[in-house]
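*Asks:* turn this into a model:
(3 chains)
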Amino acid sequence: MNISKSQMFWMIFISEIVLLTYFALGPALKQARQDIWISFIFASVGAIVGTFLMIKVSLLYPNQSIIQYCQTILGKFLGKMVAFSYICFWFFISIVLLRAQADFISMNLLNKTPLFIIVLLVIVLIIYVNWQSGITTIARCSEVIGPLLFIAAFLPLFLNVTHMDLNQLLPIYTDNKRSILSGTLITFCFIGETSMIMMVTAYIKDTKKLSASILGAVSLGTLWGGLMSVAVVLIFGPKASADMYHPQYMFMKSISVLNFIQNFDLIITFFTQFGILIKLFYQFSISSSGISQLLNIKKQKNVSWVLAIILFLCLMMTRDLNYQSFLKPWIFVVFNFAIPLLLWTVGKIRSN
Amino acid sequence: MLVRVTILILLLTLMATGLTGCWDLTEPNQLFYIMGSGIDKSDDGKIELSLQVPLPNQQGSNQGKGGGNPKQFVVVSGKGKNIFDAASHIVEKSSRKLFGGHRFVVVINEEVAKQGFTQWLDELIRHPDNNTRARLFIVKGITAKGFLETQYKVEKYSSLSAYQASTLIGYNNLLYEFQRDINNPVNYTILPVIESVTNNKEYEYKMHSIAILNKEHKLMTYMKDREATSALWAAGKLHHTFITHYISQGDGTISVDLRKIQRQVKLNIKGRVPSIHIKLSGKGIYTENNTNLDLLSPSVKESVTKEMSKRIQDDVRVVFDKVQKKYKSDIFGFGNEIARKHPDKWNNFKKNWDETFSKMDVTVEVNLSIQGGGLIGSGPKIAK
Amino acid sequence: MFRRLRKPKMSVDLSLKTLQGDQSNFNNSLTNNLQENYHLLKQAFAMCSDVVFREISVQGQMKVLMIYTDGMVDAHAFEQTVLKPLLYDGLPQGLGKINSLSQACELEYFSILDTKTITKTGELIQTILTGQIAILVEHEATAFVANLKKMEKRAVEEPKLEATIRGPREGFTESLRVNTSLIRKRIPSHKLKMESFKIGKITQTDLVVTYIEGIVNVSVLKEVKKRIGQIQTDEILDSEFIEECIEDVPFSPFPQIQNTERPDIAASCLLEGKIVILMDTTPCVLIAPMTFWVGLQAADDYYDRFLYVNAMRIVRFIFSMAALFLPAFYVMLTTYHQGMIPQALMISIASARENSPFPSAIETVLMELIFEGLQEAGLRLPNQIGPLVSIVGALVIGEAAVQAGIISAPIVILVSATGIASYVIPRYSFGYAFRLLRFVLLILAASLGLFGMAVGVMAILIHVVRIQSFGVPYFSPVAPRVWKQMIDMIARVPRWMTNSRRSNG
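*Replies:* Residues are numbered from 1 along each chain as shown, chains lettered A, B, ... in the order given. As a prediction, this is how the structure comes out:
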């Protein structure tokens, strides 16, 4: 199982774009309105700090994943607790992500298809990927899909400049500091969601300049998010953007090139499907390898099967929830910022 | 081994049942592709929705025009409490599903506009298939259904002709732009108007006026021709235009085609009433010269441009007076400028902005930059 | 998932052990008695009418026995170099003067290049059947075997499936020696090694594994030789048998071993560090390892001007992807996401579909199947009927079906475009994958629209990324990314700009 730095870069980049697309832009715009770019700047600072801490912790113990070095740093019992909570967190993310994707497709693209078909196909793909050397396959796929998603994400931003009204961004920084802060928090939750680094860095052989790649991916993803939300505000105005469920989807719909290429949202949806599948794959993969490392199970394939069945059942049991009620920001702050900080400090103290 | 085989067979069967469905498959010939929607007021408080859809049978075949111009579209209409209700009544009468992804125009009757129509635009934006690049028009002199039903002389569908004409006249309003405008701090909006002129039993349409909507987005008044051009220009919404003025130097008319039009606003908010200096600029070429002046010489060009600018300035001045004194509605977006650039001061002005606007001191400056005059200088001489 | 053993599928064991006659004799040596040898061999070759026994009597007694297979030896050369010395020139005092045949060889009595002596019966039978002439004499328990093979073989001509506009027009033939000579003349280096194997219990086919020492990837070579050594089968009739036995994932639609009939391709692959496997009785040689992108490269990429080649590569790539995706894309757009197609085009398509009785998806599948059937028929047609059938196919199926209102016109355009696009794929065996997967994607797109197509493409991508060809990942250099190789794969630069050799993959 060998992953290279550029594969890591693309995996993180895809994760950033997908999470921003599905979760972050709508609620953040609702809070921060036209000052969304300020929230993005603050949130990116937080995300970069959090990711940097994660990389540093992982590099303290180069060939161990978090399940293993957690136990080394915090002691057996506490380490196992923390590791288990991370596994639950990753599994929770995959449930939420799969639910979001199934909802999006079911509501916007395929209205009458029963939900379990969509979910079933995705789960079959997940099992296929995890069949042998899951993470290597996923990394290679992301190396192929990453550049395509890059082009599909950045290109439409420049196609509708004629209709952008620059005045919609003003007034800058009025007295609603609270809304900017809540926008920052929401955005940070999703662009800082890079906790898979702690699990996957164990497979990277050449760790020189690793932080440059990963932080570069985080900043590139955040840049896209900022540009896209600014573009949405410029086209639609702050009040209308706050009203939207998927702002970038509406933005793509407004593009018309030469009066011929229209309704671009399908292209971005097509590539975002790939992105979200990849994010799902590796969330699932790290959950299952985490469990197999925690419980010392040799055959990871059996764990994958069991987890897939659990995932399917969980999804069938949830009833189209407004998942925003489940995504409390403090969960993300704890797992992506507080615990890496704790691990890093304790790890540093221990090694000195 | 046996377990694996069983699970595989189970999965494959489940997947096979899934693939027998094609639940969402709609053949292309099972849809009505809506070209244009029209909203009318009907009796008993309902609204009537009319949809112009193309008839597929006569398209793509090699038949020539057999006996006149056969109509290549059909207008279906239905009444309901709102758009979706009306559409469901249309579906009761039609054989196909409705698909709005290719919509060109949304036409609104002036009666509906007078009572406020923005709530009807909700369905057009909400549905994931719908197209928010449709252009909005207000139709005057005929119902929206009537407009959609008429057979236009050249284009196949009247909605397509409205769409293309609006590109030519230099001002159009897309649905999402309209939505952006009605959310501004000062939300007077302007919409283009299709006016029908009955001409020997054959309907003819002109797009020479604009409609002004007040704060509740209800139709307030119209403005025509030169007033409309000046108002649009001062509001910063004009893309390009053609202007013809009588030039006293040459004792004749000269026309200019302005391609790049801009407006700059300079605010001065000292004191209780702000004052505004507007700079309107345009770049273009001379297109017709009915005088004896030689438009190739730079000095003549400069003096003619100066006079043209002065005439336009007078026009804009007239419009300003009218709008400020008579209508007291800030359609030019000055309040938006203040709200954006000086938000703290805007709080003072917000409450009675209309009054403040009517008292504002507005100075206009027009700068035209005419680059060329075509191929010749003065044209055929006019004998005096 | 590599199958190491292939069990013989025939229930009858035709190995030499169970032939009629005395079992033990075939493992033994020849005897001194010529008569005994004669009877033994006559029994072994009973009913083999093409094996000729020629006895030469000296002084009324059979003294020399010659056995050969008619049609496989060069009779004239044999008469000149063996019979003549024996009958006329040499042995002035009868055969007693020369004590043994091996002595005769050592004395260079026969001017033949390739000779050897054999003592075991089984081996003797095998060598006779491969076109060598055996000579037995009285009082000797050895047979003298001379290689005077001359078999009918095809002339060296251009391979039909890999024609180029510019470049050499030589192709491999069915004779192993000719093939190795075609390679050797392009790479006259002593580092070009050719290791030979014999595979197949009955067919005993010669196999040569060629590589250039110093450039080749040693681990891949070891793997190849190991897998070849593990093949246990009765017959090998074509290189496809070997390909199936040694490839990594037999159940994949994508080939993992390249095959070619052109010696220049084989030579250039050798210089890249790949391994070429040549086989007797087939002109198709195998090249290992293979990646996905090799399938999209043509032979004359390196024989034409580079600017044109780069433009053609882009066209080729677009058309290859179109061969895979176009029908699925069309069905998806017209039946699920009509908003994506511009309005005027959509109206034309909708009106063309008015008169068609089938749903879009069924129509497309039907037409694709008919097209595949036409292709298959075209392969089997005799030359005289070929053009007629193609005209019939085009006119009848295309034109008349549309006129009759059975098929709509856009579908015919689509299917022919896809068919033509699939011929742009340079390697014919690589195109099989695209033609098969096109149907899978079509069905997925027809049932689930955009999402189905995304799932299908993802599944193909995962599969392609996962498989390896002898340890080299199939999708490299794009998925484990190696920048230098990737740039070389995308853009061909002139020779003088590349100062290092293209390495493996």
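*Asks:* tell me how far the residue nearest to A:Val122 when sequence neighbours are not counted lies from B:Glu149.
*Replies:* In space, and not counting its chain neighbours, A:Val122 is closest to A:Leu98: 6.4 Å by C-beta to C-beta, 6 or more residues apart in numbering or on different chains. (Glycine included, C-beta is placed from N, CA and C.) In this structure, A:Leu98 lies at 49 Å from B:Glu149, with C-beta to C-beta, to the nearest Å as the measure.
*Asks:* neighbour count winner among the two?
*Replies:* Between A:Leu98 and B:Glu149, A:Leu98 has the larger neighbour count (other C-beta atoms under 10 Å in any protein chain shown), namely 25 against 19.
*Asks:* what is the burial count for whichever residue of the stretch 101-250 of chain C sits closest to chain A?
*Replies:* With C-beta to the nearest C-beta as the measure, C:Val249 is the residue of the stretch 101-250 of chain C nearest to chain A, at 11.0 Å. Look at C:Val249: counted by other C-beta under 10 Å, it has 16 neighbours.
*Asks:* how about the residues of the stretch 201-350 of chain A near chain C?
*Replies:* Remark: the part of the stretch 201-350 of chain A in contact with chain C comprises A:259-263, A:266, A:269-270, A:273-274, A:277, using C-beta under 8 Å from any C-beta of the partner chain.
*Asks:* just the buried residues of those.
*Replies:* Those of those that meet the buried threshold are A:262-263, A:266, A:269-270, A:273-274, A:277, by 16 or more other C-beta atoms under 10 Å in any protein chain shown.
*Asks:* where's the dip in pLDDT among those residues?
*Replies:* In this model, the minimum pLDDT among those belongs to A:Asn263 (71).
*Asks:* show me what contacts that one?
*Replies:* When contacts are counted by C-beta atoms under 8 Å, 6 or more residues apart in numbering or on different chains, A:Asn263 is found next to A:252-253, B:101, B:131, C:337, C:339-340.
*Asks:* picking up where we left off before, please name the nearest non-neighbouring residue to the residue of the stretch 101-250 of chain C closest to chain A.
*Replies:* Counting by C-beta to C-beta, 6+ apart, the nearest residue to C:Val249 once its immediate chain neighbours are dropped is C:Ile467, at 4.8 Å.
*Asks:* kindly state the pLDDT recorded for that neighbour?
*Replies:* C:Ile467 is assigned 89 on the pLDDT scale.
*Asks:* could you do C:Ile277 as well?
*Replies:* The model's pLDDT for C:Ile277 equals 92.
*Asks:* okay, buried residues for the host helix or strand of it please.
*Replies:* Following DSSP states H and E, the helix or strand that holds C:Ile277 is strand C:275-279. Within strand C:275-279, the residues scored as buried using 16+ other C-beta under 10 Å are C:275-279.
*Asks:* from those, which two are the most distant?
*Replies:* Largest separation among the buried residues of strand C:275-279 by C-beta to C-beta: C:Ile275 and C:Met279, giving 13.4 Å.
*Asks:* ok, longest helix in chain C?
*Replies:* Of all the segments of type helix in chain C, defined by DSSP state H, the longest one is helix C:428-466.
*Asks:* counting contacts, what elements does that one pack onto?
*Replies:* When contacts are defined as 3 or more C-beta pairs under 8 Å, 6 or more residues apart in numbering or on different chains; DSSP states H and E, helix C:428-466 sits against helix A:115-129, helix A:134-154, helix A:265-294, helix B:2-19, helix C:306-335, helix C:360-380, helix C:409-422.
*Asks:* return the distance of that helix from the chain's centre.
*Replies:* Relative to its chain's centre, helix C:428-466 lies at 27 Å (C-alpha atoms, centre = their mean, to the nearest Å).
*Asks:* following that helix, which helix or strand shows up next?
*Replies:* Elements were assigned by DSSP H and E; along the chain past helix C:428-466, the next helix or strand is strand C:468-469.
*Asks:* partners of that following strand in the sheet?
*Replies:* Partners of strand C:468-469 in the sheet, by DSSP bridges, are strand C:472-473 (antiparallel).
*Asks:* C-terminal to the strand it pairs with, what's the next element?
*Replies:* Sequence-wise, the next helix or strand beyond strand C:472-473 is helix C:483-490, with elements assigned using DSSP H and E.
*Asks:* how far does that following helix sit from the chain's center?
*Replies:* How far helix C:483-490 lies from its chain's middle: 28 Å, per C-alpha atoms, centre = their mean.
*Asks:* now stretch C:378-391
*Replies:* Here the centre of mass of C-alpha atoms in stretch C:378-391, compared against the chain's by C-alpha atoms, centre = their mean, lies 25 Å away.
*Asks:* next one: stretch C:332-340
*Replies:* Taking the mean of its C-alpha atoms, stretch C:332-340 sits 43 Å from the chain's own mean (C-alpha atoms, centre = their mean).
*Asks:* single out the residue in the stretch 201-350 of chain C that lies closest to chain A.
*Replies:* Checking the stretch 201-350 of chain C residue by residue against chain A with C-beta to the nearest C-beta singles out C:Gly339 as nearest, at 4.5 Å.
*Asks:* contacts only, for that residue.
*Replies:* Shown here is C:Gly339, whose contacts under the criterion C-beta under 8 Å, 6+ apart are A:262-263, A:266, B:99, B:101-102, B:129, B:131.
*Asks:* could these go into JSON lines alongside distance to C:Phe144 and secondary structure?
*Replies:* Supplementary listing: the contacts of C:Gly339 in JSON lines, determined by distance: C-beta to C-beta, whole Å; DSSP: H, G, I helix; E, B strand; the rest coil:
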{"residue": "A:Gln262", "distance to C:Phe144": "85", "secondary structure": "strand"}
{"residue": "A:Asn263", "distance to C:Phe144": "84", "secondary structure": "coil"}
{"residue": "A:Leu266", "distance to C:Phe144": "79", "secondary structure": "helix"}
{"residue": "B:Phe99", "distance to C:Phe144": "89", "secondary structure": "strand"}
{"residue": "B:Gly101", "distance to C:Phe144": "88", "secondary structure": "coil"}
{"residue": "B:His102", "distance to C:Phe144": "89", "secondary structure": "coil"}
{"residue": "B:Asp129", "distance to C:Phe144": "88", "secondary structure": "coil"}
{"residue": "B:Asn131", "distance to C:Phe144": "91", "secondary structure": "coil"}
